[in-house]
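Engineer: coordinates only, sequence not included:
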């Protein structure tokens, strides 16, 4: 038997106007961090109430050749509630177009019908993960008759959103057999699945569930730790029938010693200037999380009678473990010496340059990064589309969010909220808000669907309110994300774009096409302002403002030259600054510039070349100021901190390195 859910877990995205940039969850029991991470990926669209539709017209619409017409008809059926003809919804659930099947399953989720069980069970084997997840939700809304055996195989579904939806639904079954599946889900590779499992276990209020909760309290991801801590506070540790084994607890005690140090605060470190041979050591990304988890658990263990005489037991154990601890300490010392950042700074030799912080938690090449407005936090993304938000000084990870689709752009709304533009394979673009505050929640705040094609490039305006993105047919859509308002569309068919970037004052948008054509557009009207002369094909460029009357673009042409283009001088107003030979320091063949970034005061240009070197040059004369050699592979992205004192670089060696601005 299953009980009705008191409130819906669904997270909806407003498709017309957005009253608030952050959409609060509708569930009183489930925290936003888990629900939004899962339901946000489902791309759910909020729909307003409408008058009762003409059933005959809807039936005809379901046979329309256009799938968009069929989808709209299905959505209208969902708004009719229990008055909607069930047979029409079942027809839509078998539609050849995935978007129509999604709308049908979603309608049944809002208005569950017992007669639809067999059709929903069949939808659990749909080839699209969104349909499977919606079918799980619909079955979870039913009060009885749902076959448990049909849901259990989806606990091993290849998509984490489906696994999480099933785990959350299992809590409604009044049987002890589901505990095995919930406990196994606590070890899932995806944090959202683990968090849903913890939520389900906490609601069951079973003693058998408390022991797994203690393990989840030490989870490697902060959102799971936070929500587990809240659940543990609702239970009395003394009610545990089987407390943790002493061996495990002693291991935790040793870990507390290893992680007793507290990393320095980056903001207090802002005025620190290292002397020769002194660098800020890189920290483990999960140190602080482990400190929090272990400390909270130790307080609970101390209240148990079985641990009352442990100090004496530890004294005895320490005699036998002393040689082991000494050997362990020597191994740790060797590891730190081997991996410590090199301390010799040289701009003319091949020795690595020192970094203040080296972030090593990515598992693939780092392609994008963005500083928070206060310069204390960095958001970075790798080629596997895993987004990580972390402390710039210590490397402590606040959010680890793997997601499907490709990440097109990163920026920050404020010091606590990072904005991520993500493109899904089904021609959907979403904007995610990653909040590093309590709960470390992830929320979808903007979505565009039914696009001509899957977007490949996007760019944020400097105020983080306006987004420009290409839609694959030569058009660029420009939206005010905060207001969910379309501003204009740039139509330049059949151009294929490779880069989009806003001017510092947000009054111009520059685009680079696949053929290297650099064009400037008015983002408010969509009109073309000026184009660079066809004799100059561009591979990469960045804006630079020398003074209020001189806005220029620095770019690399296909010959590898660094060129300055003054827009006020017209299409041919460009000046070649230095050839490739001048910055090809190692005489590397086929050298390319992978990233350009200008300092906040426009005085220095940083160039990341494909040989892994980052050069800082005077933006006017192109004179060499310094060289950074900390990476062991190609550097893909370079970003200056807002105050211009630090530089963050991400590379193919999977690291992000933070180092000081060269003077």
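Structural biologist: Nice, thanks for sending it over. What you are looking at is a predicted structure, and each value in this text was computed from that prediction instead of being measured.

Engineer: For stretch 466-478, buried residues please.
Structural biologist: Going by neighbour count (16 or more other C-beta atoms under 10 Å), the buried part of stretch 466-478 is 466-472, 474-478. C-beta coordinates here come from the backbone N, C-alpha and C atoms, glycine included.

Engineer: What's the end-to-end length of it?
Structural biologist: End-to-end distance of stretch 466-478 (C-alpha to C-alpha, to the nearest Å): 7 Å.

Engineer: Would you mind checking the average pLDDT for it?
Structural biologist: When pLDDT is averaged over stretch 466-478, the result is 92.

Engineer: now do stretch 169-176
Structural biologist: 75.

Engineer: Determine the number of other residues adjacent to residue 95.
Structural biologist: For residue 95, the count of nearby residues is 18 (other C-beta atoms under 10 Å).

Engineer: returning to what we had before: let me have the buried residues of stretch 466-478 in a markdown table, extended by secondary structure and distance to residue 375.
Structural biologist: A markdown table is the format used below for these (DSSP: H, G, I helix; E, B strand; the rest coil; distance: C-beta to C-beta, whole Å):
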| residue | secondary structure | distance to residue 375 |
| --- | --- | --- |
| 466 | strand | 23 |
| 467 | strand | 23 |
| 468 | strand | 25 |
| 469 | strand | 27 |
| 470 | strand | 31 |
| 471 | coil | 34 |
| 472 | coil | 36 |
| 474 | coil | 38 |
| 475 | strand | 36 |
| 476 | strand | 31 |
| 477 | strand | 31 |
| 478 | strand | 28 |
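
Engineer: For residue 507, state which of those residues is nearest.
Structural biologist: Of all these, residue 507 sits closest to residue 466, with 11.2 Å by C-beta to C-beta.

Engineer: mind listing what that closest one touches?
Structural biologist: By C-beta atoms under 8 Å, 6 or more residues apart in numbering, residue 466 lies in contact with 460, 478-481, 487, 506, 523.

Engineer: Quick one, which of these are buried?
Structural biologist: Buried among these (16+ other C-beta under 10 Å): 460, 478-479, 481, 487, 523.

Engineer: could these be laid out in CSV, adding distance to residue 141?
Structural biologist: What follows is these, written out as CSV (distance: C-beta to C-beta, whole Å):
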residue, distance to residue 141
460, 38
478, 39
479, 33
481, 32
487, 39
523, 44
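
Engineer: Of those residues, just say which sits nearest to residue 539.
Structural biologist: residue 460 (21.7 Å).

Engineer: Hmm, residue 168 and residue 161 touching each other?
Structural biologist: No: if you go by C-beta atoms under 8 Å, residue 161 and residue 168 don't touch, sitting 10.8 Å apart.

Engineer: quick one: which of the contacts of residue 466 is nearest residue 589?
Structural biologist: Nearest to residue 589 among these: residue 460, at 35.8 Å, using C-beta to C-beta.

Engineer: Identify the spatial nearest neighbour of the closest one, chain neighbours not counted.
Structural biologist: Leaving aside its sequence neighbours, residue 460 sits nearest to residue 411 (C-beta to C-beta, 6 or more residues apart in numbering; 4.0 Å).

Engineer: Walk me through which strands the host helix or strand of that neighbour pairs with, and which way each runs.
Structural biologist: Secondary structure from DSSP states H and E places residue 411 in strand 406-414. In the sheet, strand 406-414 lines up against strand 417-424 (antiparallel) (DSSP bridges).

Engineer: For the one helix or strand residue 429 maps to, buried residues please.
Structural biologist: Using DSSP H and E, residue 429 maps to strand 428-435. Buried positions in strand 428-435, judged by neighbour count with 16+ other C-beta under 10 Å: 428-435.

Engineer: want to throw these into TSV with pLDDT and distance to residue 630?
Structural biologist: Formatted as TSV, the buried residues of strand 428-435 follow (pLDDT from 0 to 100; distance: C-beta to C-beta, whole Å):
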residue	pLDDT	distance to residue 630
428	91	38
429	93	34
430	93	34
431	94	32
432	92	30
433	93	31
434	93	27
435	91	31
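
Engineer: in the stretch 501-650 of the chain, which spans are helices?
Structural biologist: Counting by DSSP state H, counting those that start in this stretch, the stretch 501-650 of the chain has helices at residues 580-583.

Engineer: All the strands of it, in order from the start?
Structural biologist: Per DSSP state E, counting those that start in this stretch, the stretch 501-650 of the chain carries strands over the ranges 509-513, 518-521, 528-531, 538-547, 550-557, 562-566, 574-578, 593-598, 604-609, 614-618, 624-628, 635-640, 646-651.

Engineer: Walk me through which strands the third one pairs with, and which way each runs.
Structural biologist: Right, the one you point to is strand 528-531. Partners of strand 528-531 in the sheet, by DSSP bridges, are strand 518-521 (antiparallel).

Engineer: list the buried ones in the partner strand?
Structural biologist: Residues of strand 518-521 classed as buried: 518-521 (neighbour count, 16+ other C-beta under 10 Å).

Engineer: which one among those residues gets closest to residue 199?
Structural biologist: For the buried residues of strand 518-521, the nearest to residue 199 is residue 521 (46.8 Å; C-beta to C-beta).

Engineer: thinking again about what came up before, out of the buried residues of strand 428-435, what pair is the most spread apart?
Structural biologist: The largest separation in those, counting by C-beta to C-beta, is between 428 and 435 at 21.9 Å.

Engineer: which residues touch the residue nearest to residue 502 when sequence neighbours are not counted?
Structural biologist: Nearest residue to residue 502, sequence neighbours excluded (C-beta to C-beta, 6+ apart): residue 461, at 5.0 Å. Counting by C-beta under 8 Å, 6+ apart, residue 461 touches 467-468, 502, 506, 523.

Engineer: pLDDT score assigned to residue 461?
Structural biologist: 96.

Engineer: same deal with residue 219?
Structural biologist: On pLDDT, residue 219 comes in at 49.

Engineer: which one of the buried ones among the contacts of residue 466 sits closest to residue 656?
Structural biologist: The nearest one, if we look at these relative to residue 656 and count by C-beta to C-beta, is residue 460, at 19.4 Å.
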